[in-house]
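K.L.:
Output the structure for:
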Amino acid sequence: MRSFLLAACLGIFMSLSAQQKITGHFILKGNVTGQDGNWMDLSYNSEGKAINDSVQIVSGRFRFEGSVKEPTMAYLSGKTKTRSVDDPNFTTVFLEPAMLTASIDDGKFKQAIITGSKTHTEYTLLQSPLNKLRNRWKPVMDTLSAVNKRSNAQYQELKEWVLVPYYAELREIEYAFYDTHRESYVTAYQLRFRARELTTDSLKLFYNRFPDKVKESINGRLLLTEISKRKIGVPGAMAANFNTVDINGNKFSLADYKGKYVLLDFWASWCVPCRKGNPHLKELYAKYNAKGFEVVGVSDDDRDNAAWRKAVAQDGLPWKHVLRGLKSANGVFDRSADINESFNISSLPTQILIDPAGKIIARYGDGGEDHALLDSKLESLIKL
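P.N.:
Numbers count the residues shown, from 1 in each chain. Below you'll find the predicted structure:
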């Protein structure tokens, strides 16, 4: 009889293990102190759908079940739901098809002990030195936050140089992890947020080292998309045409500027480096406009038309101005008419120089050619 029961139990266990591998089934169970009767929330994405699950904490215990096809970042919170980095009752966890356990103390969710997920263990290895770095820099970050509340412009100026050593150390920690965890889902996840900072060759290097299962993951596919986008808006490519309305409500088409040198200036009213560069750009416009040089300002102020118009007037910018065309509704972005997408704009300011035939001949400001080269480029192209 005992042999029969043992065989049956083993059969059930093997069946559950197989089910987890086939369906992506996971169980996350654990205990938490000081939150009896409250609700525990778990949020993640599965098969392209946002999952928001909640269970009540009973006798200090909670249990979630669900399905994920691959290791997936999830958000676990107790009493509060702010999802703030500083929220003591919020943390992140990598789910994967397995049995996961968590041991948590009230107000110390970020120190939670989570086992059963190989990917989460790897993520913890990365977060440990990063958290030490953040703790050392917390007084500086708090000071910058206070400055930002008073003046965003002053904040942007300060952070440009104050945080240089912080970001240098952060990148050193992350790149060391990427190098020792070349096949990790965590590396693919983290690279999503660092991809824009990397050259195309570096991004390809990291991507090509992944095994197929990571390349085929959601983060792997996003990285491949980013690599593909690097062919957009680069010197040698034809500039994508766009049709919109300008700041005065008049129809605008880039195609109407064929036969002229055109500088697309991607900027925003809140971008301090953009605004600082406007006086010199006005000098270039005054110098070359009569010889067939045009500037078109593409602003990232879709959500604040008033600030956009005020900045154009304050800086006295005489050229054509349009908005990028990014629309959003209920938190969903519509990028179908987004000019920035057509030129793969990742940071401001970025400037793209187009020749009379409509071909991109230079790119400045976001990792392309040095912005200081614009003057000499125009001087070589346009004879006064």
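
K.L.:
Contact partners for Phe62?
P.N.:
The contact partners of Phe62, taken as CB atoms under 8 Å, 6 or more residues apart in numbering, are 29-32, 40, 55-56. Yep, even glycine has a C-beta here, placed from its N, CA and C like the rest.

K.L.:
repeat that for 7 Å
P.N.:
The neighbourhood of Phe62, defined by CB atoms under 7 Å, 6 or more residues apart in numbering, consists of 29-30, 32, 40, 55.

K.L.:
ditto for Lys377
P.N.:
Residues in contact with Lys377 (CB under 7 Å, 6+ apart) are 353, 362.

K.L.:
Could you give the average pLDDT over the helix or strand harbouring it?
P.N.:
Taking DSSP states H and E as the definition, Lys377 sits inside helix 373-381. Helix 373-381 shows a mean pLDDT of 94.

K.L.:
same deal with stretch 111-118?
P.N.:
pLDDT averaged over stretch 111-118 gives 96.

K.L.:
And the longest helix seen in the chain, what's buried?
P.N.:
Determined from DSSP state H, the single longest helix within the chain is helix 118-150. Buried residues in helix 118-150, counted by 16 or more other CB atoms under 10 Å: 119-120, 122-124, 126-127, 129, 137, 144, 147.

K.L.:
Reformat these as CSV; add distance to Tyr364.
P.N.:
Converted to CSV, the buried residues of helix 118-150 look like this (distance: CB to CB, whole Å):
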residue, distance to Tyr364
Thr119, 40
His120, 42
Glu122, 38
Tyr123, 37
Thr124, 41
Leu126, 34
Gln127, 36
Pro129, 35
Trp137, 31
Leu144, 28
Val147, 29
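
K.L.:
Ile360: which of the residues you listed is nearest?
P.N.:
The shortest approach to Ile360 among these belongs to Leu144, at 36.2 Å (CB to CB).

K.L.:
how about Ser103, phi and psi?
P.N.:
Dihedral pair for Ser103: phi -120, psi 120, per degrees, to the nearest 10.

K.L.:
what about it, neighbour count?
P.N.:
13 (other CB atoms under 10 Å).

K.L.:
Same question for Gly48.
P.N.:
For Gly48, using other CB under 10 Å, the count is 6.

K.L.:
So for stretch 240-259, mean pLDDT?
P.N.:
So the average pLDDT for stretch 240-259 ends up being 97.

K.L.:
follow-up on the earlier one: just checking, what packs against the longest helix of the chain?
P.N.:
strand 90-95, helix 152-162, helix 164-180, helix 185-194 (3 or more CB pairs under 7 Å, 6 or more residues apart in numbering; DSSP states H and E).

K.L.:
Counting neighbours, show which residues of the longest one come out buried.
P.N.:
Right, the one you point to is helix 164-180. 166, 170, 173-174, 177-178.

K.L.:
ok, which stretches of the chain are helices?
P.N.:
2-23, 118-150, 152-162, 164-180, 185-194, 200-208, 212-215, 218-229, 272-288, 305-315, 339-342, 373-381.

K.L.:
Select, out of the ones you listed, the one closest to Ala98.
P.N.:
Shortest distance between Ala98 and those, using CB to CB, is found for helix 2-23: 6.4 Å.

K.L.:
returning to that earlier point: looking at the contacts of Phe62, spot the one nearest Asn340.
P.N.:
Looking across the contacts of Phe62 and measuring by CB to CB, the closest to Asn340 is Met40, at 39.2 Å.

K.L.:
Apart from its chain neighbours, what residue comes closest to Val295?
P.N.:
Leaving aside its sequence neighbours, Val295 sits nearest to Trp319 (CB to CB, 6 or more residues apart in numbering; 4.0 Å).

K.L.:
was I right about the one you found contacting Ser299?
P.N.:
No - contact criterion CB atoms under 7 Å: Trp319 and Ser299 do not qualify, at 11.9 Å.

K.L.:
Comparing those two, which residue is more hemmed in?
P.N.:
The residue with more neighbours, out of Trp319 and Ser299, is Ser299; 26 against 18, by other CB under 10 Å.

K.L.:
any idea how far the more buried one lies from Trp308?
P.N.:
Ser299 sits 5 Å away from Trp308, going by CB to CB, to the nearest Å.

K.L.:
Report the set of residues contacting both of these two.
P.N.:
Between them, Ser299 and Trp308 share no contacting residue, judged by CB under 7 Å, 6+ apart.

K.L.:
Redo the helices of the chain as CSV? Include distance to Lys251.
P.N.:
Formatted as CSV, those follow (distance: least, CB to CB, whole Å):
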stretch, distance to Lys251
helix 2-23, 54
helix 118-150, 39
helix 152-162, 33
helix 164-180, 43
helix 185-194, 38
helix 200-208, 36
helix 212-215, 44
helix 218-229, 28
helix 272-288, 22
helix 305-315, 18
helix 339-342, 15
helix 373-381, 28
